[in-house]
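Peer 1: I'll drop the sequence and a predicted model, then ask my questions.
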Amino acid sequence: MTESKPEPKPKAEPAPQPQRELDPEPKPADPSAPPAPPGFGAAAVFAFVAAAFLAGAAGGAALLAWSDPESAAGAALRDRCDELLRGGSSDDGVGEGACLPGEFSCNEADAAEASEADARQHEMAEDVIRWIRDNDGFVSEKVFLHKPADGGPRGIYANGTFEEGERICSIPWDLMLKPSEEWVDPEDRCGTIEALYEDMKDDKTPYGRYIKSMPRNYLPHWWSEEGKALLRELLGPKLPPEIIRNDDFFREVYKDCEVDRDDDLESHAEVMVTARGDDELLVPFYDMINHRNGPYYNVKHIVHDAHARSYMGKPYELVASRRIERGEQLHNSYNQCPICYGRRNYFGTPDVFAYYGFVEAHPQRYVVDQVRLKFDVAEREDGSGEVEARFAVPPSVWGVDYLKEEVERLRAFERKHRGRGRATTAVAKVPKSEREAIWEFRDAVTKAFEVAIEGAEGVADEAVWKCDEDWWQVENWKKRPCKWAEER
């Protein structure tokens, strides 16, 4: 067995795709996201965050010093925090925990700085929506930007009820960032990278300024060498996604683009087109809608014939795929849409992490070709909030053994690098955002594999090894099992 997926495969380039319509009952509104009027102001957001933060911060004096980098105290705090986070002479010792106790907190100081940047980005996002409306586009007045208090990502929420099929937005062709009109190859994004670079460099549009404000290098292939090394240690030789073990994957994808990765804006344009592009298009507002599958997935866009390129010159339109309640977040899907092709069968949580830089919320999907495992981890239907494994194909004894071995290895990784509440020097040298992403991914995979081991008890079956090489296309074994190898 090999670790790569059997052919034929869909194209490798990452691209959020159009949505499909779902039949399940709509999910109740997210209680963490109370409705607010459209145009929820950035100033109000920042005032609230700042007030809550300053009220709860024990190290208020340290934060005030930190906010003034020219002061002697501010400089001393920065130097001390840098020393603690990056220094250390042994694997026993320094790290993310080292800055937390004591007279000040690097994390709190970072939060003060981050909250101001986040407020600016929120205002830029609202500028994009106003810009669309002022330029013959449509964004429903029943949506608003909101960032949950639990620290989740900013998203688009409903401030009123949307009926199934009701229009959410219509983005004019002229407002999208794309190659020239003559550029019609959806698999070559060099022209889009160039268009975005020029927009950001010259501050041409509110959309370009918004994209310019995004965090840098948050996809694993663009991480620091220390971050990539730690992630590869976490993955080992068997854990997906395979592409992270190939450092040249995206360099090969973009080999004809001649991007200078030492140029901040050029490199940032490459990352943004990778993470936010729909094929060769960057679509304002559409890319503010977060990804989530299952009953949370509630929007779709009007599909033109992509192969005939019939969408060229047409607006980009989103509608509700089911009834959306007031206060509910709008969700897109990057892998379960009707024209996501083979992605619907094999593109799972590890792939989302590699291509888009985040760990998706439940439901999650895991596909491991070398042991023919394919299962989803989803919330139980009893409303308990607990999750369970749902196998698309019966797990084999070999597959269950793989899960157990990987769980033990992932636990050993945690003991090595996060044991006793202190990080090793190797971890401490990794930038904070990368470090947090690695631990989030590690924790998600460990939990998923533990749940799968529990769910496999009493149902292990070797039937999957009788399937042909297209076994991974099976979505529900009981309704439609695989084609047997001897049939071909």
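Peer 2: In hand now; what should we look at? Numbering: from 1, shown residues only.
Peer 1: doesn't Ala444 make contact with Leu410?
Peer 2: No. Judged on C-beta atoms under 8 Å, Leu410 makes no contact with Ala444 at a distance of 10.4 Å. Every C-beta, even on glycine, is put in place using the N, C-alpha and C of the backbone.
Peer 1: so what's Ala378 bridging to?
Peer 2: Glu388 (DSSP bridges).
Peer 1: Can you give me every residue that contacts it?
Peer 2: Gly294, His362, Pro363, Gln364, Val387, Glu388, Arg390 (C-beta atoms under 8 Å, 6 or more residues apart in numbering).
Peer 1: Quick check: the two most widely separated of these?
Peer 2: Using C-beta to C-beta, the two most remote members of the contacts of Ala378 are Gly294 and Glu388, lying 12.8 Å apart.
Peer 1: If you rank the contacts of Ala378 by neighbours, which is first?
Peer 2: Gln364 (24 neighbours; other C-beta atoms under 10 Å).
Peer 1: Can you tell me the closest non-neighbouring residue to that residue?
Peer 2: Distances taken as C-beta to C-beta, 6 or more residues apart in numbering place Thr349 nearest to Gln364, at 4.1 Å, with adjacent residues excluded.
Peer 1: ok, now Gly165?
Peer 2: Val319 (5.4 Å).
Peer 1: same check, this time on Lys147
Peer 2: Arg154 (4.2 Å).
Peer 1: list the contacts for that neighbour?
Peer 2: Counted by C-beta under 8 Å, 6+ apart, Arg154 has contacts Asp118, Gln121, His122, Ala125, Leu145, His146, Lys147, Met288.
Peer 1: and of those, the nearest to Ser180?
Peer 2: Met288 (25.6 Å).
Peer 1: Tell me where the stretch 201-350 of the chain has helices.
Peer 2: Counting by DSSP state H, counting those that start in this stretch, one finds helices in the stretch 201-350 of the chain at the ranges 206-212, 225-235, 249-253, 264-276, 343-346, 349-356.
Peer 1: quick one: buried residues of the third one?
Peer 2: Same thing as helix 249-253. Phe249, Phe250, Val253 (16 or more other C-beta atoms under 10 Å).
Peer 1: Quick check: the gap between the first one and Ala119.
Peer 2: In other words, Phe249. Between Phe249 and Ala119 the computed distance is 35 Å (C-beta to C-beta, to the nearest Å).
Peer 1: burial measure for the nearest residue to Ile324 once chain neighbours are set aside, as a count.
Peer 2: Leaving out its chain neighbours, the residue that sits closest to Ile324 by C-beta to C-beta, 6+ apart is Phe162, at 4.0 Å. The number of residues packed near Phe162 is 24, by other C-beta under 10 Å.
Peer 1: quick one: Phe162 from Arg322, how far?
Peer 2: 9 Å.
Peer 1: before we move on, the earlier item: now the buried residues of helix 249-253 as CSV including pLDDT and distance to Lys228?
Peer 2: Listed next are those as CSV, based on pLDDT from 0 to 100; distance: C-beta to C-beta, whole Å:
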residue, pLDDT, distance to Lys228
Phe249, 85, 12
Phe250, 84, 12
Val253, 80, 17
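Peer 1: Nearest to Asp263 among those?
Peer 2: Closest to Asp263, out of all of these and judged by C-beta to C-beta, is Phe250, at 16.2 Å.
Peer 1: list the contacts for the closest one?
Peer 2: His221, Glu270, Thr274.
Peer 1: which of those tops the neighbour count?
Peer 2: Glu270 (29 neighbours).
Peer 1: ok, back up a step: touching, the residue nearest to Gly165 and Ile302? I think so.
Peer 2: Yes. Counting by C-beta under 8 Å, Ile302 is a contact partner of Val319 at 6.8 Å.
Peer 1: My read is that Arg390 contacts Glu379, right?
Peer 2: No. Using C-beta under 8 Å as the test, Arg390 is too far from Glu379 to be in contact (10.8 Å).
Peer 1: gap between Val397 and Phe285?
Peer 2: Taking C-beta to C-beta as the measure, Val397 and Phe285 are separated by 49 Å.
Peer 1: got it, and Ser213?
Peer 2: Distance from Ser213 to Phe285, by C-beta to C-beta: 16 Å.
Peer 1: So which of those two has more stuff around it?
Peer 2: Phe285 (25 against 16).
Peer 1: so what's that one up against?
Peer 2: With C-beta under 8 Å, 6+ apart, Phe285 has these contacts: Val128, Ile129, Ile132, Val139, Ile156, Cys169, Ile171.
Peer 1: which of the residues you listed lies closest to Leu373?
Peer 2: Ile156 (34.4 Å).
Peer 1: That closest one: how many residues sit nearby?
Peer 2: Neighbours of Ile156 (other C-beta under 10 Å): 25.
Peer 1: just the strands in the protein please.
Peer 2: In the chain, the strands defined using DSSP state E lie at 138-139, 143-146, 155-158, 167-171, 290-291, 299-301, 316-320, 331-332, 364-368, 373-379, 387-391.
Peer 1: need those in a markdown table with mean pLDDT and distance to Asp461, can you?
Peer 2: As requested, these are arranged in a markdown table below (pLDDT from 0 to 100; distance: least, C-beta to C-beta, whole Å):
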| stretch | mean pLDDT | distance to Asp461 |
| --- | --- | --- |
| strand 138-139 | 98 | 50 |
| strand 143-146 | 96 | 45 |
| strand 155-158 | 97 | 40 |
| strand 167-171 | 97 | 44 |
| strand 290-291 | 96 | 32 |
| strand 299-301 | 89 | 36 |
| strand 316-320 | 93 | 40 |
| strand 331-332 | 96 | 34 |
| strand 364-368 | 97 | 16 |
| strand 373-379 | 97 | 12 |
| strand 387-391 | 96 | 10 |
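Peer 1: excluding its backbone neighbours, what's nearest Cys467?
Peer 2: Cys482 (3.6 Å).
Peer 1: Could you pull up phi and psi at that neighbour?
Peer 2: phi -70, psi 170 (degrees, to the nearest 10).
Peer 1: For it, list the residues it contacts.
Peer 2: Val393, Val464, Cys467, Asp468, Asp470, Trp471, Gln473, Val474.
Peer 1: go on, Ala125?
Peer 2: Leu145, Arg154, Tyr210, Met288 are the contacts of Ala125 under C-beta under 8 Å, 6+ apart.
Peer 1: try 7 Å this time
Peer 2: Leu145, Tyr210, Met288 (C-beta atoms under 7 Å, 6 or more residues apart in numbering).
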